[in-house]
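Colleague: Provide a 3D model corresponding to the input given below.
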Amino acid sequence: MAGKGNVDNLVKAEDLTSDELRNRAKKGGKASGKARRDKRDQKQIILEVLSMPLEDGSVEKITSLAAAEGANLSINQAIVIQQVKKALNGDTKAAEYLRDTAGQKPSDKVQLDTGVNIDDTINRIDSYLKGRAKHEEGIS
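Modeller: Down below sits the predicted model:
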């Protein structure tokens, strides 16, 4: 990326030929594809590591939080259990993590119902402005 202070050496897109634009777009597309593949591969590695057992052997099925103590867990299970323990001890960030990860995150969107029909309001403003324009034409 270019620094903030030296924009004199930047070339505007409209100053490039169509071949130069096509080549830059091609390079950008290749870089974007590589970044997507790298991100996908990293995600796959993380998922594989998280599913690995903490110790040699198979992952034990746990039926309660108490049963998890000393059990051979997957790394992902161990992380979740630690977050649950933190949440039970009052850590609200851990509780939020668990809630959000479980797909129960509350919506960040706020809906505001003003009881006003926006289409009706726009039509009334439009009519007012048209009437005002006609009135001003009559004055001129």
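Colleague: now the residue nearest to the spatial centre of the chain, what's its secondary structure?
Modeller: In the chain, the C-alpha nearest the mean C-alpha coordinate belongs to D108, at 12.1 Å (C-alpha atoms, centre = their mean). What DSSP: H, G, I helix; E, B strand; the rest coil gives for D108 is coil.
Colleague: List the contacts of it.
Modeller: Under the criterion of C-beta atoms under 8 Å, 6 or more residues apart in numbering, D108 has no neighbours. The way it works is simple: take the backbone N, C-alpha and C, and place the C-beta from them, glycine included.
Colleague: Give me the distance between it and E137.
Modeller: 49 Å (C-beta to C-beta, to the nearest Å).
Colleague: And the pLDDT for the residue nearest to the centre of the chain?
Modeller: Looking at D108, its pLDDT reads 77.
Colleague: Ok, I118 next?
Modeller: At I118, pLDDT is 81.
Colleague: Could you do R99 as well?
Modeller: In this prediction R99 is given a pLDDT of 91.
Colleague: quick one: it from I62, how far?
Modeller: Going from R99 to I62 by C-beta to C-beta gives 21 Å.
Colleague: for S18, same thing?
Modeller: Distance check for S18 against I62: by C-beta to C-beta, it reads 62 Å.
Colleague: Of those two, which one has the most company?
Modeller: I62 (15 against 7; other C-beta atoms under 10 Å).
Colleague: Just to be sure, that one is in a helix?
Modeller: No - with three-state DSSP as the criterion, I62 is assigned coil and is not in a helix.
Colleague: Number of residues surrounding the nearest residue to it once chain neighbours are set aside?
Modeller: Nearest non-adjacent residue to I62, counting by C-beta to C-beta, 6 or more residues apart in numbering: A68, 4.6 Å away. For A68, the count of nearby residues is 18 (other C-beta under 10 Å).
Colleague: Find me the pLDDT at A68, would you?
Modeller: A68 carries a pLDDT value of 86.
Colleague: ok, it to G28 distance?
Modeller: 48 Å.
Colleague: and the longest helix for the protein?
Modeller: helix 18-51 (DSSP state H).
Colleague: average pLDDT across it?
Modeller: 91.
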